[in-house]
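J.: let me see the structure of the following:
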Amino acid sequence: MRGAEAEGLVRVFLRRREDQKREGAGVGFGRGNVGVGFDLDETDHHDVDLMAEKCLPDHPFGPASRLARSHHANPRRSRAEQPSTEQHGSSEEEEAMGEQGELAAEEHVRYIVTAEKKKDSFESLVMEHLRASGAYWGLTTLDLLHKLHAVDSAEVVDWIMSCYHPESGGFGGNVGHDPHVLYTLSVVQVLCLFDRLDVLDVEKVADYVTGLQNEDGSFSGDIWGEVDTRFSYISICTLSLLHRLHKINVEKAVEYIVSCKNLDGGFGAMPGGESHAGQIFCCVGALAITGSLHHIDRDLLGWWLCERQCRDGGLNGRPEKLADVCYSWWVLSSLIMIDRVHWIDKEKLAKFILNCQDKENGGISDRPDNAVDIYHTYFGVAGLSLMEYPGVKPMDPAYALPLDVVNRIFLGKLQ
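T.: Numbers count the residues shown, from 1 in each chain. Alright, predicted model coming up:
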């Protein structure tokens with residue numbers, strides 16, 4: 001291809017990419033959320049950037065300019081990476097978000113508080129096996145909205161401890177249910193909210209989690225042996241919150257997570273597993289907590305993550321999937337931890353989340369006009385928190401807890 005032809009083709013690709021970003025369709029070239037009219041099976045966006053660098057060295061869309069802009073974005077980082085830094089959005093950003101419609105905070109608080117009392121409701125019944133995680137979602141949402149006092153903390157702690165298995169040190173998802181590392185983390189997170197880690201036998205709980213690490217550094221979820229990078233994050237997060245991370249082989253844990261990295265920059269549930277936004281959060285979060293983010297190609301992963309933004313402003317978990325409010329957390333938190341959150345349109349994402357609210361009865365759904373639930377209510381509010389939405393407490397992207405809670409755990413008294 002002659003120089004003039006190459007330059008012309010590169011300019012076409014770059015122009016289409018900018019058009020697509022303005023339309024809110026993400027920044028992908030067909031692997032993302034909508035087609036763009038070009039057959040790019042043999043040329044992905046990285047090839048385009050390389051051609052732009054060669055053909056258009058001073059082009060404003062080139063990689064050198066893109067990396068330079070990242071130094072001025074100053075996104076908020078995880079406490080695991082930068083514990084003392086906390087930036088707030090500008091008044092212009094807050095005003096822009098406010099124009100999209102307000103967060104129905106009071107309605108969401110009422111929805112969460114009343115949902116707990118409806119023991120015979122369909123939602124309550126289908127969540128029976130993961131009630132501990134449901135408590136974490138609901139209570140964290142209340143805390144983010146400055147309403148944790150709306151529940152009786154003593155009653156919650158009593159119920160939480162009734163899910164404990166003293167013989168193993170783990171917690172079940174509900175009273176009488178088998179222990180699992182997932183629900184153990186949910187319990188620890190809830191106790192962190194109330195500053196009640198003192199009710200735990202910390203060594204026993206830590207030993208339970210530690211005992212689930214395998215020889216290759218991976219973690220099983222329970223005694224039945226299922227292995228997943230979710231359990232790596234859960235175990236590392238739990239032990240870190242308990243100040244017991246030294247009990248596991250951190251080096252091997254990191255090596256296993258890195259072995260699950262794919263050529264697209266993402267991470268799967270196991271080596272060779274498909275990249276997925278939820279798994280990426282788990283792997284990035286675990287690497288952040290262990291101080292191992294240097295294993296990540298931030299630009300490569302950043303592009304994969306920002307390609308998750310759909311035309312409606314929402315984020316999906318994999319290419320060609322519909323947007324879902326829960327990925328407002330999984331994708332945004334990962335982008336913040338790798339300092340690439342400025343690569344998506346946060347204003348459109350905030351609008352998508354706000355459009356998924358039930359403004360009369362409270363709650364947030366996966367997408368507009370669907371039924372609300374506690375899970376998506378939490379992740380919607382958490383996503384807004386990551387975007388520094390007015391009136392919502394800041395959230396730590398690695399530990400998935402309000403930042404003041406995380407600061408109290410690591411900067412206050414040790415447990």
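J.: contacts and neighbour counts: CA atoms only from here.
T.: Fine.
J.: got the residue ranges for the strands in the stretch 151-300 of the chain?
T.: 164-165, 170-171 (DSSP state E, counting those that start in this stretch).
J.: who's in contact with H276?
T.: Counting by Cα atoms under 8 Å, 6 or more residues apart in numbering, H276 touches G266, F267, G268, G317, R318.
J.: pretty sure the second one sits against A286.
T.: Translated: F267. No. Between F267 and A286 there is no contact under Cα atoms under 8 Å: 11.9 Å.
J.: any chance of CSV for the strands of the stretch 151-300 of the chain, columns mean neighbour count?
T.: Output for the strands of the stretch 151-300 of the chain, formatted as CSV (neighbours: other Cα atoms under 10 Å):
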stretch, mean neighbour count
strand 164-165, 21
strand 170-171, 28
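J.: will you turn those strands into a markdown table that also has distance to V188 and mean pLDDT?
T.: Formatted as a markdown table, the strands of the stretch 151-300 of the chain follow (distance: least, Cα to Cα, whole Å; pLDDT from 0 to 100):
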| stretch | distance to V188 | mean pLDDT |
| --- | --- | --- |
| strand 164-165 | 11 | 97 |
| strand 170-171 | 9 | 98 |
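J.: ok, back up a step: looking at the contacts of H276, which is nearest L142?
T.: Comparing those against L142 with Cα to Cα places G317 closest, at 25.7 Å.
J.: separation between the closest residue to the closest one other than its chain neighbours and C326?
T.: Leaving aside its sequence neighbours, G317 sits nearest to A277 (Cα to Cα, 6 or more residues apart in numbering; 4.8 Å). Plainly put, A277 is 10 Å away from C326 if you go by Cα to Cα, to the nearest Å.
J.: likewise L245?
T.: With the distance defined as Cα to Cα, L245 ends up 28 Å from C326.
J.: likewise L139?
T.: Using Cα to Cα, L139 is found at 17 Å from C326.
J.: least trustworthy helix or strand in the chain by mean pLDDT?
T.: Least confident helix or strand, the chain: helix 63-73 with a mean of 34, by mean pLDDT, DSSP states H and E.
J.: low-confidence stretches in the stretch 101-250 of the chain?
T.: Along the stretch 101-250 of the chain, segments meeting pLDDT under 70 span 119-126.
J.: helices of that one, start to end?
T.: Applying DSSP state H, counting those that start in this stretch to the stretch 101-250 of the chain gives helices spanning 105-117, 122-126, 131-144, 153-161, 181-193, 202-210, 229-241, 250-259.
J.: before we move on, back to that, from the contacts of H276, which is closest to P368?
T.: The closest of the contacts of H276 to P368 turns out to be G317 (Cα to Cα; 17.1 Å).
J.: burial measure for the closest one, as a count.
T.: For G317, the count of nearby residues is 24 (other Cα atoms under 10 Å).
J.: coming back round to it: would you turn the strands of the stretch 151-300 of the chain into TSV with distance to E107?
T.: What follows is the strands of the stretch 151-300 of the chain, written out as TSV (distance: least, Cα to Cα, whole Å):
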stretch	distance to E107
strand 164-165	32
strand 170-171	31
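J.: closest to F281 out of those strands?
T.: strand 170-171 (23.2 Å).
J.: quick check, nearest of the contacts of H276 to R408?
T.: Taking Cα to Cα as the measure, F267 is the one of the contacts of H276 closest to R408, at 30.9 Å.
J.: what about the closest one, distance to H146?
T.: Per Cα to Cα, F267 is found 34 Å from H146.
J.: ok, K321 next?
T.: K321 sits 34 Å away from H146, going by Cα to Cα.
J.: picking that back up, please say which of F267 and H146 ends up with more neighbours.
T.: F267 (29 against 15).
J.: can you give me the neighbour number for D312?
T.: Quick note: D312 (other Cα under 10 Å) scores 16 neighbours.
J.: from what I see, it and F352 are in contact.
T.: Yes. With contact defined as Cα under 8 Å, D312 counts as touching F352 (6.7 Å).
J.: ramachandran angles for L315?
T.: Note on L315: backbone dihedrals following degrees, to the nearest 10 are phi -120, psi 140.
J.: who touches it in this structure?
T.: By Cα under 8 Å, 6+ apart, the contact set of L315 is R308, Q309, L322, A323, D324, V325, Y327, S328, V331, L349.
J.: apart from its chain neighbours, what residue comes closest to the third one?
T.: Leaving aside its chain neighbours, L322 sits nearest to N316 (5.8 Å; criterion: Cα to Cα, 6+ apart).
J.: and the one you found, how far is that from K351?
T.: Distance from N316 to K351, by Cα to Cα: 15 Å.
J.: which of those two has more residues huddled nearby?
T.: N316 (27 against 21).
J.: can you verify my assumption that the more buried one contacts C306?
T.: No. The criterion here is Cα under 8 Å, and N316 misses it with C306 at 9.9 Å.
J.: still on that earlier bit, the residue nearest to G317 contacts L305, correct?
T.: Yes. Counting by Cα under 8 Å, A277 touches L305, with 7.3 Å between them.
J.: list residues touching both of the two?
T.: Counting by Cα under 8 Å, 6+ apart, the shared contacts of A277 and L305 are V331.
J.: ok, those two, which is more surrounded?
T.: With neighbours defined as other Cα under 10 Å, A277 and L305 compare such that L305 has more, 33 against 25.
J.: you'd agree the more buried one is in a helix?
T.: Yes. Under DSSP: H, G, I helix; E, B strand; the rest coil, L305 falls within a helix.
J.: measure it to H342 for me?
T.: Counting by Cα to Cα, the gap from L305 to H342 is 11 Å.
J.: hmm, back to that, closest one to P402 out of the contacts of L315, please.
T.: Ranked by distance to P402 (Cα to Cα), the contacts of L315 are led by S328 at 16.1 Å.
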